[in-house]
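Student: show me how the following folds:
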Amino acid sequence: MTNRPSLVLRNVALPGGRTGDVEIQNGVVGHIGAGVQADQVLDCTGLIVIPAAVDIHVHMRGGSQSAKEDWGTGSRSALAGGVTVVVDQPNPVPPITTPESFRNRVKDAKEHSLCNFSINSAVTRDTPFSDMWEAGATAFGETFFAPSSYGDAVDKTVLEDALGQISALGALATIHAEEVFPGADDTLTSHDLLRSAAGELRAVEAVNRCNTRGCRLHFCHMSTGAAVDAAPGTVEVTPHHLFLSRDRFENTDTFAKMNPPLRSEKDRKDLLARWNKIQVIASDHAPHTKAEKNVGFSAAPSGVPGVETMVPLLMAEVLEKRITLSDLILKTSVTPALLIGIPSAGFTPGNRGDFALYPRETVSIDPDNLHSRCGWTPFEGMPAVFPSVVVMDGQVVFRDGDFLQKPSRWMPGNGYTPP
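Tutor: Residues are numbered from 1 along each chain as shown. Predicted structure coming up:
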């Protein structure tokens with residue numbers, strides 16, 4: 001019997017400047033230094049090796065929405081983008097509001113997902129919070145303080161009660177903070193006005209007033225600098241709000257319709273200027289089919305795909321020296337893992353053995369090369385750096401466009417009580 005590692009990553013450029021070998025055994029990082037013999041060896045000379053990402057905000061669809069996406073295609077998209085753990089949001093059709101629906105969602109993911117996963121519980125007037133926590137929910141929400149595609153809003157009374165119950169469990173509440181005004185929603189400009197920047201700020205302040213028992217809060221997909229400044233918990237921002245503005249698109253382009261809306265270029269730059277205040281980058285991967293988007297603006301669903309392009313877009317920014325590699329790792333891997341209570345991936349013995357290996361050159365994003373079933377992206381033509389190899393639990397699961405299937409793992413929340 002041998003104790004040799006299952007995988008060694010040789011000649012890795014480690015944080016701090018030195019080069020070493022990373023040994024992985026039983027899914028976790030062992031020795032860092034001069035490597036030994038292993039079942040598999042990958043030479044990382046010339047590559048950028050980083051801990052794989054944890055995307056804490058995806059909508060994997062499935063069921064009656066399988067034409068948009070399912071666990072099979074969505075998890076392939078995640079792995080091809082350097083993401084080995086996703087947190088699925090609880091608003092598929094039907095939503096995840098009972099322990100039975102939660103267990104069914106876990107079963108579906110176990111059978112079809114190629115990447116590791118966690119699943120959140122919905123927040124409604126009737127959610128059995130303690131039961132959902134014991135069933136293994138990672139967090140509660142995204143909690144819709146304003147309605148969105150397949151998500152109904154909760155009022156302030158329901159939210160205050162829910163936050164109290166979630167706080168008592170020691171759990172995390174994730175918040176979709178918007179105000180929605182009535183009016184003609186027929187252009188990107190009007191969509192921005194009806195879900196305004198000022199309304200996002202007021203929603204953040206209102207949620208804070210509802211949080212009378214000190215629940216841990218995480219604010220999803222913040223789209224304005226003022227809301228980031230005001231948020232009393234952790235803050236998540238998406239690549240589409242960081243890198244896209246409505247000025248980039250035709251005013252009736254439904255493929256740029258999302259909630260919160262794309263803002264003006266001035267607002268986008270203002271948000272980007274808060275980079276150091278943003279704790280988490282997540283994709284809010286929310287695919288819809290081309291046919292669903294190719295309708296009149298008011299009838300088109302909101303949402304865009306993004307799990308596969310999230311880290312590659314940021315890696316292009318790293319190569320251009322507009323952001324640092326350490327910030328990318330912190331916001332896409334370390335902090336998201338800490339937030340949902342799973343071990344971090346990284347270069348310290350005992351870390352999860354999840355890594356992505358990137359070349360040092362950009363390509364233009366081509367939707368034909370992406371893996372989401374929806375078949376399009378709002379980032380078409382933008383520069384990105386896609387991983388050539390992805391390692392999950394110490395095994396190569398993606399290499400040069402090929403998926404090497406292995407069993408995925410459900411990573412339940414901290415309240416999980418096995419049956």
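
Student: look at Gly381 and say how many residues are nearby.
Tutor: As a burial measure, Gly381 scores 10 neighbours (other CB atoms under 10 Å). No exception for glycine: its C-beta is placed from N, CA and C like everyone else's.

Student: quick one, what contacts it?
Tutor: Ser364, Ile365 (CB atoms under 8 Å, 6 or more residues apart in numbering).

Student: that one: what secondary structure?
Tutor: Recorded secondary structure, Gly381: coil (DSSP: H, G, I helix; E, B strand; the rest coil).

Student: ok, now Glu142?
Tutor: strand.

Student: element containing the residue nearest to the spatial centre of the chain?
Tutor: Nearest residue to the geometric centre of the chain (CA atoms, centre = their mean): Asp55, 2.8 Å. Using DSSP states H and E, Asp55 falls within strand 53-58.

Student: before we move on, back to that, how close does the residue nearest to the centre of the chain sit to Arg248?
Tutor: Computed as CB to CB, to the nearest Å, the Asp55 to Arg248 distance reads 23 Å.

Student: kindly report the same for Lys293.
Tutor: Look at Lys293 and Arg248: by CB to CB, they are 16 Å apart.

Student: please apply the same query to Arg76.
Tutor: On the measure of CB to CB, Arg76 and Arg248 end up 28 Å apart.

Student: who has more neighbours out of these two?
Tutor: Neighbours per residue, other CB under 10 Å: of Arg76 and Arg248, the larger number sits with Arg76, 23 against 15.

Student: is it true that the more buried one touches Gly401?
Tutor: No: the pair Arg76 and Gly401 fails to qualify as a contact (CB atoms under 8 Å) at a distance of 10.7 Å.

Student: mean confidence for stretch 232-240?
Tutor: In this model, stretch 232-240 carries a mean pLDDT of 97.

Student: which SS class is Val311?
Tutor: Three-state assignment for Val311 (three-state DSSP): helix.

Student: burial of it, as a residue count?
Tutor: Using other CB under 10 Å, Val311 has 31 other residues around it.

Student: do Ser408 as well
Tutor: Ser408: 24 neighbours (other CB under 10 Å).

Student: roughly how far apart are it and Val83?
Tutor: According to CB to CB, Ser408 and Val83 sit 12 Å apart.

Student: need the residues touching each of these two.
Tutor: By CB under 8 Å, 6+ apart, the residues touching both Ser408 and Val83 are Cys115.

Student: quick one: residues contacting Ser113.
Tutor: By CB under 8 Å, 6+ apart, the contact list for Ser113 reads Met60, Trp71, Gly72, Gly74, Ser75, Ser408.

Student: tell me how far the helix or strand containing Asn104 lies from the chain's centre.
Tutor: Secondary structure from DSSP H and E places Asn104 in helix 99-112. Put simply, helix 99-112 sits 19 Å off its chain's centre (CA atoms, centre = their mean, to the nearest Å).

Student: in that helix, what's buried?
Tutor: Pro99, Ser101, Phe102, Arg105, Val106, Asp108, Ala109, His112 (16 or more other CB atoms under 10 Å).

Student: now swap in stretch 312-327 and tell me
Tutor: Those would be Pro312, Leu313, Leu314, Met315, Ala316, Glu317, Val318, Leu319, Ile323, Leu325, Asp327, for stretch 312-327 by 16+ other CB under 10 Å.

Student: quick one: which of those is nearest Leu14?
Tutor: Leu325 (11.5 Å; CB to CB).

Student: out of everything not next to it in sequence, what's closest to the closest one?
Tutor: Nearest residue to Leu325 in three dimensions, chain neighbours excluded: Val318, at 5.2 Å (CB to CB, 6 or more residues apart in numbering).

Student: give the contact list for the one you found.
Tutor: Contact analysis of Val318 by CB under 8 Å, 6+ apart lists Ile48, Thr324, Leu325, Leu328, Val385.

Student: got it, and Ala80?
Tutor: With CB under 8 Å, 6+ apart, Ala80 has these contacts: Glu308, Leu370, His371, Phe386, Pro387, Val390, Phe398, Gly401.

Student: please repeat the previous calculation with a cut-off of 6 Å.
Tutor: Residues in contact with Ala80, defined by CB atoms under 6 Å, 6 or more residues apart in numbering, are Glu308, His371.
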